[in-house]
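Novice: what shape does this take:
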Amino acid sequence: MFREMRRFKQQLSDDACREVLAAAPRGVMAVTGDDGYPYCFFMNYVYDPSVGKLYFHCAREGYKIDCLRRSAKVCFTVRDEGFHQPGDWALTFRSVVVFGTVRLVEDEAETIPLVRMLGRKYYPDFDDVEAEIAKSGRRVMILELTPDHVTGKTVHEK
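Specialist: Okay, the predicted model is just below:
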């Protein structure tokens, strides 16, 4: 169902893909938009290696949610910060592409712990996380991405 990587020598191992997913700060999600056009947007997320899923937060309504209600299949792409090899102008980085299905988590009892997990990734202080949850936790929608296929590669931009 999913294609083999053409440049297989650059392919990352499953462990390396999980490492990039755990560390990258944000990525780009693509959904099927109106009239079959792709709709892509940046998303903050957290990867939970214990279940192999990715979690995102967003508003409870809007174009993104309309698209996901129509088709739950998505593509999510991340990359690490990369590095320059000594004496080389070109950036080398690792990227990961996740194909999967999104579930809209609408139950508050399930949402709040996931918001807390996301907050711990981005907020410097746990008290700030709790304050934000108290302020707007009930208005948050969580998206749960269950991967169907994950692939990654090392890219040298030369």
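
Novice: ok, residues contacting stretch 24-37?
Specialist: When contacts are defined by CB atoms under 8 Å, 6 or more residues apart in numbering, stretch 24-37 is touched by residues 38-45, 56, 63-64, 67-68, 70-71, 73-80, 96. Bear in mind the C-beta positions are built from the backbone N, C-alpha and C, glycine included.

Novice: just the buried residues from these, in ChimeraX please.
Specialist: Restricted to buried positions by 16 or more other CB atoms under 10 Å, the ChimeraX selection for the contacts of stretch 24-37 reads:
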select :43,45,56,64,67,68,74,75,76,78,79,80,96
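
Novice: and the longest strand along the chain, which residues are buried?
Specialist: Ranked by residue count, the top strand of the chain under DSSP state E comes out as strand 140-156. Residues of strand 140-156 classed as buried: 140-145, 147, 150-155 (neighbour count, 16+ other CB under 10 Å).

Novice: now tabulate those in CSV and tack on pLDDT and distance to Glu132.
Specialist: Shown next, in CSV, are the buried residues of strand 140-156 (pLDDT from 0 to 100; distance: CB to CB, whole Å):
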residue, pLDDT, distance to Glu132
Val140, 88, 9
Met141, 92, 15
Ile142, 95, 14
Leu143, 98, 18
Glu144, 98, 20
Leu145, 98, 22
Pro147, 98, 28
Val150, 97, 30
Thr151, 97, 34
Gly152, 97, 31
Lys153, 95, 36
Thr154, 93, 36
Val155, 88, 35
